[in-house]
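*Asks:* Following is a predicted model, sequence given first.
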Amino acid sequence: MSFIVLNNVCKDYHLGKITVPALKNVSLEIANGEFSVIAGPSGSGKTTLLNLIGCVDTATTGQVIVAGADTGTLPEKELTNLRLNTIGFIFQTFNLISVLNVFDNIEFPLLLMKDVSKKERFERVHHFINKVGLGKHINHRPSELSGGQRQRVAIARALATRPKIVLADEPTANLDSKTGQDIIDLMKEINVSENTTFLFSTHDPSIMGQARRIVRLHDGMIVEA
């Protein structure tokens, strides 16, 4: 059974009296454990698609099913729980909290999970700090880290909740090519060792070539899957 299913999904944005279609009749299935790329030029609908799967936006028409739940029918509380317990997010701008150190940034989403004890939070944070190779930077704040190090913190934070899927929107866009490659290598290693599904957007051909599957978007439509 596919972990993510989109059935004839359309997403429109309204700018005054103008309707802008961002996605047009998109149907897609993502299985557990995939390492897949959503590829396409700017404006093709990549971010919109990730936002729908990540339950931070809703489809205009069609059906988005994540982990067996029809997201269009869930109450807000259940949507919040689905986002917190099932989905991890990595953003190209990192979205770290500047006043918190590395440990506290990674721990932050765990504080929202009522069933995770203080001891387990401590163990999870240290596990993923070491997983991304930042054990020596545990007390540093984001301003004291390089771009690649901050992206590693963002990956550790996304993984700390042990999500079934990690969604990454242009995760290497603000990094130099070597650092970007290091980040992709890290994601691939975690995909295997933690059996975490990764779905990330990019328009970088060198990154696309490393995905096990490429979903290509053009003008809001899937042209290859």
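*Replies:* Nice, thanks for sending it over. Numbering: from 1, shown residues only.
*Asks:* Find the residue at the geometric middle of this protein.
*Replies:* With distances taken as CA atoms, centre = their mean, the residue of the chain nearest its centroid is L167 (1.6 Å).
*Asks:* Got the phi and psi for it?
*Replies:* phi -100, psi 130 (degrees, to the nearest 10).
*Asks:* which sections of this protein are below the confidence cut-off?
*Replies:* Along the chain, segments meeting pLDDT under 70 span 1.
*Asks:* Quick check: the gap between T93 and E170.
*Replies:* Computed as CB to CB, to the nearest Å, the T93 to E170 distance reads 9 Å. No exception for glycine: its C-beta is placed from N, CA and C like everyone else's.
*Asks:* Between these two, which has more neighbouring residues?
*Replies:* Neighbour totals were compared for T93 and E170, and E170 leads with 20 against 12 (other CB atoms under 10 Å).
*Asks:* Quick check: closest non-adjacent residue to that one.
*Replies:* Sequence neighbours aside, Q92 is the residue nearest to E170 in space, at 4.2 Å (criterion: CB to CB, 6 or more residues apart in numbering).
*Asks:* what do you get for S146?
*Replies:* Per CB to CB, 6+ apart, closest to S146 is T179, 7.7 Å.
*Asks:* how far does stretch 98-105 stretch from start to finish?
*Replies:* One end of stretch 98-105 sits 9 Å from the other (CA to CA, to the nearest Å).
*Asks:* list the buried ones in that stretch?
*Replies:* Neighbour-count burial for stretch 98-105, counted by 16 or more other CB atoms under 10 Å, picks out 101-105.
*Asks:* same question, stretch 118-131
*Replies:* Under 16+ other CB under 10 Å, the buried positions of stretch 118-131 are 121, 124-125, 128-129, 131.
*Asks:* now the residue nearest to the centre of the chain, which residues is it bridged with?
*Replies:* Listed by DSSP bridges, the beta-bridge partners for L167 are F89, L199.
*Asks:* Distance check, it against I90.
*Replies:* 7 Å.
*Asks:* cool, K188 as well?
*Replies:* For K188 relative to I90 (CB to CB), the value is 14 Å.
*Asks:* which one of the two has more residues nearby?
*Replies:* Each of K188 and I90 has its neighbours counted (other CB under 10 Å); I90 has more, 23 against 15.
*Asks:* Skipping adjacent residues, who's closest to that one in space?
*Replies:* Nearest to I90 is A168, by CB to CB, 6+ apart, at 4.0 Å.
*Asks:* how about that neighbour, what does it touch?
*Replies:* A168 is in contact with 89-91, 158, 187, 198-201, counting by CB atoms under 8 Å, 6 or more residues apart in numbering.
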